[in-house]
Each structure stands twice: as structure tokens, then as C-alpha cells.
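[1] My questions are about this predicted structure, shown below with the sequence.
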Amino acid sequence: MSKETNAHDKFYELHGDDESQLNAIYSTANKIMVEAPAGYGKTKTLISKIAYDIIQKNVINHKKILVITFSINAAHKIKRDITSELPILLQDQLEPDTKIATKKLLVTNYHGFCRRVLGKYGYLIHKNLKNIDQIQIINLRVDSTLTTKEKEVIHALENSIRNLNSKGIEQYKDSYLDILVSNLLPNNFITHDGIILLTEMLFKKFPNVLKFYQKIFSSIIIDEFQDTNLLNWGLMKLLINENMKAQFFGDSLQKIYGFIGAIPYLLDEAAEYYNMEYHHLQKNYRFMDNEEMLLLDKNVRAVAKNPQSPDIISQSIVNLNLYESQTEEAQGIVDLIQALPLHGTKEKISILFRQRGKNLDKVLEVLDENNITYFNGLYLQDEDPTYIEFHNKCLNKFIEFIGGKNSITKKSLREFYSIFSLEVTKQTIKTKALLTLLEIFVDNVSKETIWKHFSFEERRSFILNFFSGKGLKNYIEYVNEKVIISTVFGAKGLEWDYVIIPDLEKDSMPNYMGMCKECLYKKNCELQIHEENESDFIDELGVFYVALTRAKVQTYFTASKKNGYGYPTNITCFLKLPGIKINYTSNKTMMS
């Protein structure tokens, strides 16, 4: 039996009879798009696709596969999985263990890739970029090296990115780059978006550098592609040429970062732009033993695919615990938490809110009254100013701390944490939560097997990219508390055993500004979809979908007849969509 036959046997053993996964893996198309909903085996398929391309000799000699993820934590998890799974799939075709990952793959996020490029060739733009790991992210609030006009240019471009204003980006880009090169870089400062823009500038100004990377990377894989913004997309279009393999994995329904620049309908746009072969993963493994959630997942996706005429075969029954008031709902959530069977030490419950407000405050109040300890992760969002500033401070302090050192150990990471924590003098709910996660990060990252095989440079690069990529929220899974309070946006990419989604009323889920404000059906919330409201509807439905798919075991739904101000309200239109039928219930019934 040949080595290749052995590998194919492994693929069938791993993927069973899932033809949708195997079709994507065995595709010989130069460019493919894989639509992969939550729990449908995306990462497993991605790793097998990498293994297959290596077996087919698509990655030869000095060439590599570039794997780009939305977050540095996702990159780390994928690299960890690749390190353990790839040798098994490849048998003895390549060097064992971590050599496969390091020699044939570069797994990182957008900023990690750009830092790598700038560290190697950025000196062609400015000499200080050669030591990019020593350059700090600027704090525009306190920095005095920039004029008011220069700060206005920076804010204008960054707002253009978040508002999907391509004309605004082009209008301010040259001035922005001039500020970076003539003012910030000479003072060893850079901006978060500037890392991407300087890489694009380098590729355009020095085509031979671009050609070098196009030759090195025979294949580019992008994970969570739906979260890509205009800067990232522009860079990828510049990098990917017609000869390179390109494989994008994503889920259009999980695009919930539109408010910070994720491009709508990007999967379809990219598939058309590159004439990609389209694959849809078909089987939901997360809810395979939960027919109730399996059908709900299927019907919500059917509505998203065709809002005006969805293909619904059978109704999904949603058990909704409806209360008279917010106070009663909050107490009902407490009762549910106390009734849930948390047997293992790692089992967790998450309460996911669409937004902060009076309803949320009432839940926190009743949790405190009942002496239920919880981790407050409400501010762990990429756009939260405190969250951003905390990471920038960590990044800059780590750059200062690591200067002159030639090793990074658990002991040195603990030392870094001790120094940094002493400098956080203003202890707020936000900073306490972030310090907790920072301590968890420094204690846990060094325990991972893959970390032990990292060189000093790889360890330093990972930590710098981690802080630059605002990755602390991904360590929420390690907190001691059994109950985690979070927003849906902060929960993206995470999962818990049980999830409670409260406030399933109008103006909350969906959001007032996102959809309800302009809705023509707010009296009874019997939503009708048409051209004018379809885009807003899909965006808000995506938030709902992400929330309900964070559970590994079960999702619970609650609502109240009155909002936080005591006024009568309606149950969300999302529970009145085609294919969904409400079963009004109680905690006792829900648990049975």
C-alpha cells in the first residue's frame, strides 16, 4: 500500500461519510470558497485540505502555505491542531512533529503576516521598520508628537475603514502614510492600521518584494473570511495572483463585525472576483445529538439564505421562558443557573446579551443578591476603548520589557505581569477583568506543547501579535467562575456548555439602532422582509445566530413582557420567523 493511499484512508477515517468535507479536501481547483457554519467541521476540513495539498506536491521545495486567520488566538489554535494532526495525516511523508508546521506553513493573522514582512523588508521604506518589534503602538489620546490636523487625518482614515468608505480611504491614505513615515516611525511609533498600510505600500513601491512573497507562498488559506475589512481585502488582492492557490473559509451569516468594517457579502464578491469553486459544508456536528437545536440551526440558515421565501421542511420548536417583568426574568435566569447540571469542573454557563442597558443591569443585580459569582466579560470587545487601550499598553510594555533579553520563559512572563499590573493604578470593573485574563494568559500559554517548540523569536512574535490582535478575550474559557457574562460580539469564536440568551424582545434582539428604529411592523413585530430592510435584517440575524450557536449542549431563551423601563414590549420577531414556533414554558419544563 502506497504512502498516498494510507493518507487517503486517514481522510476517510477522519471525515467518514461527510461528502461535503471530502469534496472540499479533494478539490483540485486553483481557488475555492468553503462556506463553513459554526460546528460544521471547518477546522478539521481546513487541516485535511492542507495535508492533501502537501501530499499532491502542491507545496514543494522552499514554498510554503500561508494560513491567515482573523485573530492571533485562532492562528495559535490552528497551528496547535496542525502540529498534532498533520503528522498523523501525512504518515511518514515528511519530517515528524513540529517541523511540518514550521517548514511548510506560516500560520498567523493579518497583522502578524505584515509584521513579518515589514521586519524583513520594511527598511526600504524606513530604517526603523527593520526593528519593528521595538516600535510601539501610539496612543493618540496622550501623544504630543502629532499635530491636531495629523490626528484628524488618522481618525478620518480609521473611520473610513470602519464605515466601509473606500473613497475616504483613498482620500486620506497618502497623507496617513506620510504621517507614519515622516513623523511616527522616526520616533519609533506606529498605528495598528498603519502596519497593514505600510505593507501594502511596500508591495506597491517595490514589486520585487511582492513577487518574492508570491513565489514563497504557493497557497494562501484565509479563515473566518467573512470578517475581512477593506484594508485586509485590498492587501490580499494585491498578494494573490492567478498562479497561487487560494482557499477561503467562512460563513456569511457569522459576519457580525460590520460596525468595525467587515465587508458585507464578501464571500460572494470574492468567489466572483477569483472565479472560485464554491463548497458548502453540510453537517452540523455541534448539535448532532440535539435535534431541537439542529433544526433551529437549519431553519435560521434557510431564512438567511432566502428571507422572503425560505425552504422550510418542518417547524423548529423554541422553548421560551416568558416573564412578566425584567425583575422576574432576572430571577428566572438565576433559577435556571442553579438548576443546570454542572457535573464537570470545566463546565460553564454563559449569559449572552446583545447590548448593555437596564435589562442587563437588573440581571447583574439579581445575580449579586443571590451570591452567584460570575466573570464580567461585557467589555471584552474589539471596539471598546478600554479593551483597545489595555492591549496597546500591554504591547508597549512588553516591547520595553523584552528589550535586551534572549529568552522568554514562564518565569519571565510572570515578571512581566507583575510589573504591568502594578502600573494599572485605576482598578475598574473593566481593568480587573482584563488583568485576570492577562494573568491567565501568561500562566497558560507556556504550558502548551507547541510553545515548547517555539524559538525565542517565535515566542516574542506570538506575544507581540497577541497583544496587537487584542486576543485576551479568547482566554475567557480559562476563568474560574462557572458563569460568564458577555455580549454576543465578545463571544464570537468561543463556546460554552450552556448558553442563556435573555432580552429576546424588540429593540434588544434585534437592536433598536440596527433594525427596530426603522421597522414598519413595530406594533406587532410580525416582520416582513423586503429590499429596503433585508440587509439590516441579515446583519441582526447574524448576531442572533452567533449567540445560539455558542452552546455545546443547550441554548436557553428568555424574555419579558415589559422592558427595563417598565413599558410593555413585544417578543422578538426572530422567534416568529418562518420555521420557528414558540413553546411558552417554565424553567422546570425547560430542564426536562
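    Sure thing, it's come through.

[2] any idea how far E531 lies from P307?
    10 Å (Cβ to Cβ, to the nearest Å). Where you see a C-beta, it was placed from the backbone N, CA and C, and this is true even at glycine.

[3] If you count surrounding residues, which of those two has more?
    Between E531 and P307, counting by other Cβ atoms under 10 Å, P307 is the more crowded of the two (19 against 7).

[4] which residues touch the more buried one?
    P307 makes contact with I529, E534, F537, I538 under the criterion Cβ atoms under 8 Å, 6 or more residues apart in numbering.

[5] which stretch of helix or strand covers the last one?
    I538 is located in helix 534-548, with elements delineated by DSSP states H and E.

[6] What lies in contact with that helix?
    Surrounding helix 534-548, the residues in contact under the criterion Cβ under 8 Å, 6+ apart are 38, 253-256, 258, 264, 293, 296-297, 300-301, 303-304, 307-308, 352, 354, 488-489, 491-492, 499, 501, 509-511, 514-515, 518, 527, 529, 555, 574.

[7] State the number of residues packed around the spatially closest residue to F248 that is not a sequence neighbour.
    Residue nearest to F248 in three dimensions, not counting chain neighbours: F225, with 4.2 Å by Cβ to Cβ, 6 or more residues apart in numbering. The criterion is other Cβ under 10 Å. On that basis, F225 has 29 neighbouring residues.

[8] Would you agree F225 is in contact with S252?
    No: proximity of F225 to S252 does not meet the contact threshold set by Cβ atoms under 8 Å, at 9.3 Å.

[9] which residues do these two both contact?
    By Cβ under 8 Å, 6+ apart, the residues touching both F225 and S252 are L266, L267.

[10] ok, back up a step: show only the entries of the contacts of helix 534-548 found in strands.
    Per DSSP state E, strands hold the following members of the contacts of helix 534-548: L352, V499, I501, T555.

[11] By neighbour count, which of those residues wins?
    In terms of neighbour count, L352 stands highest of those at 28 neighbours, by other Cβ under 10 Å.

[12] Could I get the contacting residues of that residue?
    For L352, the contacting residues are S486, T487, V488, A491, V499, I500, I501, A547, R550, taking Cβ under 8 Å, 6+ apart as the criterion.

[13] which one of these is nearest Q338?
    Each of the contacts of L352 was scored against Q338 by Cβ to Cβ, and I500 proved nearest at 12.3 Å.

[14] can you tell me how far the closest one sits from Q554?
    If you measure I500 against Q554 using Cβ to Cβ, the figure is 10 Å.

[15] So if I had to pick from the two, which one is more boxed in?
    More neighbours surround I500 than the other of I500 and Q554, with 26 against 17 (other Cβ under 10 Å).

[16] which ones are touching that one?
    Taking Cβ under 8 Å, 6+ apart as the definition, contacts of I500 comprise I333, L336, I337, I349, S350, I351, L352, T555, Y556, F557, T558.

[17] Dump the residues you listed into CSV; add distance to V442 and pLDDT as well.
    Shown next, in CSV, are these (distance: Cβ to Cβ, whole Å; pLDDT from 0 to 100):
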residue, distance to V442, pLDDT
I333, 33, 93
L336, 34, 92
I337, 30, 92
I349, 26, 93
S350, 24, 94
I351, 27, 94
L352, 27, 94
T555, 33, 93
Y556, 34, 94
F557, 37, 95
T558, 37, 94
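
[18] Got the domain ranges for the chain?
    As assigned by automatic domain parsing, the chain contains the domains 3-112+206-280, 291-374+481-591, 385-480.

[19] ok, back up a step: list just the nearest of the contacts of L352 to L46.
    Minimum distance to L46 across the contacts of L352 is 20.4 Å, recorded for R550 (Cβ to Cβ).

[20] For M513, give its distance to L548.
    Counting by Cβ to Cβ, the gap between M513 and L548 amounts to 22 Å.

[21] Have a look at the two and say which one is more surrounded.
    Here M513 and L548 are compared on neighbour count by other Cβ under 10 Å; more neighbours surround L548, at 22 against 12.

[22] Strands along the stretch 101-250 of the chain, start to end?
    With DSSP state E, counting those that start in this stretch applied, the stretch 101-250 of the chain shows strands at 105-109, 136-137, 189-190, 217-222, 245-250, listed in chain order.

[23] Please render the ones you listed as a markdown table that adds mean neighbour count to the earlier fields.
    Converted to a markdown table, these look like this (neighbours: other Cβ atoms under 10 Å):
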| stretch | mean neighbour count |
| --- | --- |
| strand 105-109 | 24 |
| strand 136-137 | 20 |
| strand 189-190 | 22 |
| strand 217-222 | 22 |
| strand 245-250 | 24 |
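
[24] Output those strands in CSV; the columns should cover distance to F203 and mean pLDDT.
    What follows is those, written out as CSV (distance: least, Cβ to Cβ, whole Å; pLDDT from 0 to 100):
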stretch, distance to F203, mean pLDDT
strand 105-109, 16, 84
strand 136-137, 22, 84
strand 189-190, 17, 90
strand 217-222, 13, 91
strand 245-250, 17, 94
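
[25] ok so, going back, for the contacts of L352, please prepare a markdown table with the additional fields pLDDT and distance to S182.
    As requested, the contacts of L352 are exported to a markdown table (pLDDT from 0 to 100; distance: Cβ to Cβ, whole Å):
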| residue | pLDDT | distance to S182 |
| --- | --- | --- |
| S486 | 91 | 42 |
| T487 | 89 | 39 |
| V488 | 90 | 41 |
| A491 | 85 | 41 |
| V499 | 94 | 50 |
| I500 | 95 | 52 |
| I501 | 95 | 50 |
| A547 | 93 | 46 |
| R550 | 91 | 46 |
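
[26] Could you dump those into JSON lines and include distance to D81?
    Output for the contacts of L352, formatted as JSON lines (distance: Cβ to Cβ, whole Å):
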{"residue": "S486", "distance to D81": "24"}
{"residue": "T487", "distance to D81": "27"}
{"residue": "V488", "distance to D81": "25"}
{"residue": "A491", "distance to D81": "21"}
{"residue": "V499", "distance to D81": "24"}
{"residue": "I500", "distance to D81": "29"}
{"residue": "I501", "distance to D81": "29"}
{"residue": "A547", "distance to D81": "25"}
{"residue": "R550", "distance to D81": "20"}
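
[27] For the contacts of I500, pick the one with the most neighbours.
    Taking other Cβ under 10 Å as the neighbour criterion, L352 ranks highest of these with 28 neighbours.

[28] Show me what it is bridged to.
    L352 forms beta bridges with S486, as assigned by DSSP bridges.

[29] how far away is it from W496?
    Looking at L352 against W496, where the rule is Cβ to Cβ, the gap reads 9 Å.

[30] overlap in contacts of the two?
    Taking Cβ under 8 Å, 6+ apart as the criterion, L352 and W496 both touch R550.

[31] CSV please, covering the domains of the chain and showing distance to L177.
    Conversion of these to CSV gives the following (distance: least, Cβ to Cβ, whole Å):
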stretch, distance to L177
domain 3-112+206-280, 12
domain 291-374+481-591, 30
domain 385-480, 19
